[in-house]
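Q: need the 3D shape of this:
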Amino acid sequence: MRILVVFAVMLMSCNPKAQDSVTKSQEDLKTEFSLPKKLKEVSGIALSQDQKTIWAIEDAGNKNVVYGLSRQGKLVNDVLVENAENNDWEDITKDAAGNIYIGDFGNNENDRQNLSILKLDLKNDSQKSTKVIQTTKFHYEGQTEFPPKKSTLLYDCEAFVEKDGSFYLFTKNRSKGFDGTFLVFQIPNKEGNFEAKLVGKLKLEGGYSDAAITSAAINSKNEIVLLTHKNIHVLSGFTANDFNSAKIQKMPLNHNSQKEAVVFVDDKTLLIADEKDKKEGGNVYQFSLK
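A: Just a heads-up that it's a prediction; the model follows:
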């Protein structure tokens, strides 16, 4: 066995292509900076319209605050959301005009009936507070039990985007016998109480860390990225009312941590954040789509 290991190492050292592939995979995910110590459970990030500020939120059990970070990772401001509770804030996004939205739809047990998306009056990082100026309440088409059976726990959500006046939600599978299945729902970007329309049922490859969706982002090319602990999955070829025909491209990050937040810097460049876990995580990384 020892001779085989030595031979393999010698073979790698004599094979420049093999060395290049190892080096490349290790450099796929580049650490940009460590998050401030107070942000241990970042669940979503978004960029301001001028791209100078990273807006970050935390999930259940944390404050009803949006944190403004500089592009270098310095905490610039804590913006209190005056008229909202953090039931379970799981993602943050913006629309084409730069309006900011928080997804208060974390639903680990699939039993919540107060799901909502909150539009904020958030203009710049000098604000000390902000208010919710639109509340989009919703329930899922197809969910009739709260919670449903353990084999059909498909109504948790940690990922959404806004496109052309609609929100698109990508659910996190918590079913017994996890198989990578997730649902896509469409909700109008309006004040009111709506039934989230089911517009897709798809499947990602791999186990929970490979295929349980924790955040989403969209670029100007109509590509949506879905984040998991280990991978980026790029969705393309869908239409506004039908995601079933979407093409899914899996891109390994070659790194396993509790990644919970993703945003596009440009059409090919992503920022990804993970939660702090003992001595690991708590960073913002850069990743380029191939």
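
Q: drop to CA atoms for contacts and neighbour counts, all remaining ones
A: Fine.

Q: show the pLDDT at residue 290.
A: According to the per-residue confidence, residue 290 scores 83 in pLDDT.

Q: next, the contact list for it, please.
A: Residues touching residue 290, when contacts are defined by C-alpha atoms under 8 Å, 6 or more residues apart in numbering, comprise residue 268.

Q: ditto for residue 165
A: When the contact criterion is C-alpha under 8 Å, 6+ apart, the partners of residue 165 are 188-189.

Q: please save the CA atoms from the one helix or strand residue 209 maps to in PDB.
A: Using DSSP states H and E, residue 209 maps to helix 208-211. What follows is helix 208-211, C-alpha atoms only, in PDB (Å, rounded to 0.1, in the frame of the first residue of the first chain):
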ATOM      1  CA  TYR A 208     -28.200  17.200   1.800                       C
ATOM      2  CA  SER A 209     -25.000  19.300   1.700                       C
ATOM      3  CA  ASP A 210     -24.900  19.100  -2.100                       C
ATOM      4  CA  ALA A 211     -28.600  19.800  -2.700                       C
END
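
Q: contacts for that helix?
A: Helix 208-211 is contacted from outside by 178, 180, 204-205, 228-231, 256, using C-alpha under 8 Å, 6+ apart.

Q: now the buried members of these.
A: Neighbour-count burial within these applies to 178, 180, 204, 228-231; the criterion is 16 or more other C-alpha atoms under 10 Å.

Q: mind putting these in TSV, distance to residue 239 and pLDDT included?
A: TSV is the format used below for these (distance: C-alpha to C-alpha, whole Å; pLDDT from 0 to 100):
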residue	distance to residue 239	pLDDT
178	27	98
180	22	98
204	19	98
228	23	98
229	27	98
230	27	98
231	24	98
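
Q: going by distance to residue 109, which of these wins?
A: Taking C-alpha to C-alpha as the measure, residue 178 is the one of these closest to residue 109, at 14.9 Å.

Q: residue 123 belongs to a strand?
A: No - checked against DSSP: H, G, I helix; E, B strand; the rest coil, residue 123 lies outside a strand; its state is coil.

Q: quick one: it from residue 55, how far?
A: From residue 123 over to residue 55 the distance is 11 Å, taken as C-alpha to C-alpha, to the nearest Å.
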